[in-house]
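S.K.: sequence first, predicted model second:
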Amino acid sequence: MAGSDTIMVGEPSGVKLPLLRPEAQFVAPEEYVVVELNKITSSALTLKEIADKKFRVENAKIVSEQIGTESKLVMKLKNVGFTIEEPNDAMLAVLKAVMNENKPFNGGASYGAVPRGDRAAREKLNIGGDVKIGYILFGGNAIMIQM
């Protein structure tokens, strides 16, 4: 309310804020397994190792790339990239901060099924499919969405 003017503020937009905990007090949940990520490529044979799993990621790079007609955030590992499917605006903001500050991505991600379809296009783009972020270690904090 300002003087005689009133501005109606609606319900929150449904943005689910991530959970925040000091990194020193955070232990990655057991369901996030350790995988030899340097062996993963865009080949379906290596992607089967992470199919339907949650896995830990260390020192990945977050970049923005043109995938088809869309600009997407991509988690780059040594031999393959994964497009990040993140519907949570708060976590997207954190991912963009990691990218803009040129910091490494350390955290956990979940991968679904190995993508079916155009193998040649997948290998040309060197994209192994989509991941969702479960947690990020950033700025001395553990920031969590999917636990």
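M.R.: Structure received.
S.K.: helices along the protein, start to end?
M.R.: For the chain, the helices defined by DSSP state H occupy 44-47, 89-100, 119-125.
S.K.: list the buried residues in the last one.
M.R.: Residues 122, 125 are the ones in helix 119-125 that count as buried (16 or more other C-beta atoms under 10 Å). To be clear about C-beta, it is placed using only N, CA and C from the backbone, and glycine gets the same treatment.
S.K.: residues in contact with it?
M.R.: For helix 119-125, the surrounding residues in contact (C-beta atoms under 8 Å, 6 or more residues apart in numbering) are 42-44, 67, 81, 115, 128-129.
S.K.: can you rerun that using 7 Å?
M.R.: Contact with helix 119-125 is made by 42, 67, 115, as judged by C-beta atoms under 7 Å, 6 or more residues apart in numbering.
S.K.: pretty sure the last one is touching Glu85, no?
M.R.: Think Pro115. No. Between Pro115 and Glu85 there is no contact, the gap being 11.9 Å when judged by C-beta atoms under 7 Å.
S.K.: count the residues that sit near Gly107.
M.R.: For Gly107, the neighbour count with other C-beta atoms under 10 Å is 25.
S.K.: what separation do you get for the closest residue to it other than its chain neighbours and Leu37?
M.R.: Leaving aside its chain neighbours, Gly107 sits nearest to Ile136 (4.0 Å; criterion: C-beta to C-beta, 6 or more residues apart in numbering). According to C-beta to C-beta, to the nearest Å, Ile136 stands 16 Å off from Leu37.
S.K.: using CSV, list the CA coordinates for the helix or strand bottoming out on mean pLDDT in the chain.
M.R.: Lowest by mean pLDDT, DSSP states H and E among the helices and strands of the chain is helix 119-125, with a mean of 74. Taking C-alpha atoms only, helix 119-125 is exported to CSV below (Å, rounded to 0.1, in the frame of the first residue of the first chain):
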residue,chain,number,x,y,z
ARG,A,119,22.6,-41.6,-33.3
ALA,A,120,24.6,-39.6,-35.9
ALA,A,121,23.2,-36.3,-34.6
ARG,A,122,23.9,-37.2,-31.0
GLU,A,123,27.4,-38.1,-31.8
LYS,A,124,27.9,-35.0,-34.1
LEU,A,125,26.8,-32.7,-31.2
